[in-house]
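Visitor: Let me see the structure of the following:
(one chain, ligands or ions: 1)
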Amino acid sequence: MKIIIVGATSGIGKSIAEHYISKNHTVGITGRRTEKLSEIKSNSTNTEIYAAFMDVANTEESRMGLAALVEQMGGCDVLIINAGVGFPKATYEQEMQVVDINARGFMALANWGFEYFKTQKKGHLVGISSVAATRSSPYAPEYHATKAFMSSYLQGLRYRSAKWYKNIHVTDIRPGFVETAMTEENKTMFWVATPQKAARQIAEAIESKKAVAYVTKRYVLIAWLMKLMPDWIYTKVM
Ligand SMILES: NC(=O)c1ccc[n+]([C@@H]2O[C@H](COP(=O)([O-])OP(=O)(O)OC[C@H]3O[C@@H](n4cnc5c(N)ncnc54)[C@H](OP(=O)(O)O)[C@@H]3O)[C@@H](O)[C@H]2O)c1
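Guide: Here you go, the predicted model:
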């Protein structure tokens, strides 16, 4: 299988890449920190690893970069868009960065991927969203908003494929807390997964072509609570 992971230099994306690399798939990895991409390559005996610099905030460049990477790999079966940022107590500038990367950057690549899969009449698009897509929070409204955008966009593409492009699959991955650089400063986390465990569950969800998958699985309960809790209780709890 030929798999591309956008945002593979650290955390969840790196673990997903390492998972598929260890299974000898052809793997494309991208990120801004190219030295981290080289490290992943040099730590493996798999010769089918293709690395490319990509800053998803530069939407036109990243769409062209993705096209070039797919060409270099001789195709793509699964495109996993994982690149994302979140900041504790974000400034206005950071909030705009979150939108540029998690929403605009994501959509630019998801759109490219879906169109590409249309031309080859098959493929699997995967977005790493978050449980945060379920409902907003007082701590990082910009982050929750961009994840809701991601999940909604993926849902629309899934309806589109069900209607017209039956061989294109779309999976929305919604992790709970995972121990990565992004969550380093968060001291209030619970049910925290390692990136390796998250990657294994993500690969399982992709394999079984799930529409939506919570990672770890028990986070479905948190999503359910977030969805159903009356506003006045949610306001108090948060
Ligand atoms: N950790 C959690 O608890 C958690 C929970 C739910 C959802 N998520 C989501 O999981 C995804 C991965 O996060 P993580 O926790 O693994 O954090 P991380 O270790 O900080 O990894 C973020 C990845 O995104 C890439 N990235 C960030 N900005 C980019 C840009 N402008 N262009 C290209 N790549 C960019 C980074 O690569 P470079 O810096 O090299 O560019 C890195 O590979 C994110 O979408 C995040 O929202 C995480």
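Visitor: which residues in this structure form helices?
Guide: 11-22, 34-42, 59-73, 92-98, 106-120, 141-164, 195-207, 219-228, 231-237 (DSSP state H).
Visitor: then the lengthiest strand in the chain to CSV, C-alphas only?
Guide: Determined from DSSP state E, the single longest strand within the chain is strand 168-175. Below are the C-alpha coordinates for strand 168-175, written out as CSV (Å, rounded to 0.1, in the frame of the first residue of the first chain):
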residue,chain,number,x,y,z
ILE,A,168,-13.4,6.5,-2.0
HIS,A,169,-13.4,6.1,1.7
VAL,A,170,-13.3,8.9,4.3
THR,A,171,-12.3,8.4,7.9
ASP,A,172,-12.5,11.0,10.7
ILE,A,173,-10.2,10.1,13.6
ARG,A,174,-11.0,11.8,16.9
PRO,A,175,-8.2,11.3,19.5
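Visitor: Within the sheet, what are the partner strands of that strand, with directions?
Guide: The pairing partners recorded for strand 168-175 under DSSP bridges are strand 123-128 (parallel), strand 212-215 (parallel).
Visitor: Nearest to the ligand, out of those strands?
Guide: strand 123-128 (4.5 Å; C-beta to the nearest ligand atom). All C-beta atoms are positioned from the backbone trio N, CA, C, and that covers glycine.
Visitor: Centre of the chain to the closest one, how far?
Guide: From the chain centre to the centre of strand 123-128 is a distance of 8 Å (C-alpha atoms, centre = their mean, to the nearest Å).
Visitor: between it and helix 106-120, how big is the angle?
Guide: Here strand 123-128 runs at an angle of 170 degrees relative to helix 106-120 (axes from the mean of the first three to the mean of the last three C-alpha atoms, to 10 degrees).
Visitor: Direction-wise, compare strand 123-128 with helix 195-207 and give the angle.
Guide: 150 degrees.
Visitor: got the buried residues for strand 123-128?
Guide: Neighbour-count burial for strand 123-128 flags 123-128 (criterion: 16 or more other C-beta atoms under 10 Å).
Visitor: and what of stretch 168-183?
Guide: 168-180, 182.
Visitor: Need those residues in TSV (columns: pLDDT and distance to Ala108).
Guide: Putting the buried residues of stretch 168-183 into TSV (pLDDT from 0 to 100; distance: C-beta to C-beta, whole Å) gives the following:
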residue	pLDDT	distance to Ala108
Ile168	98	18
His169	98	20
Val170	98	16
Thr171	98	19
Asp172	98	18
Ile173	98	19
Arg174	98	21
Pro175	98	22
Gly176	97	27
Phe177	97	28
Val178	98	25
Glu179	96	29
Thr180	96	23
Met182	93	21
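Visitor: I'd like to know the phi and psi angles of Ser129, please.
Guide: The phi and psi values for Ser129, taken as degrees, to the nearest 10, are phi -90, psi -130.
Visitor: How many residues are close by it?
Guide: The tally of other residues near Ser129 (other C-beta atoms under 10 Å) stands at 27.
Visitor: do the same with Thr47
Guide: Neighbour tally, Thr47, other C-beta under 10 Å: 8.
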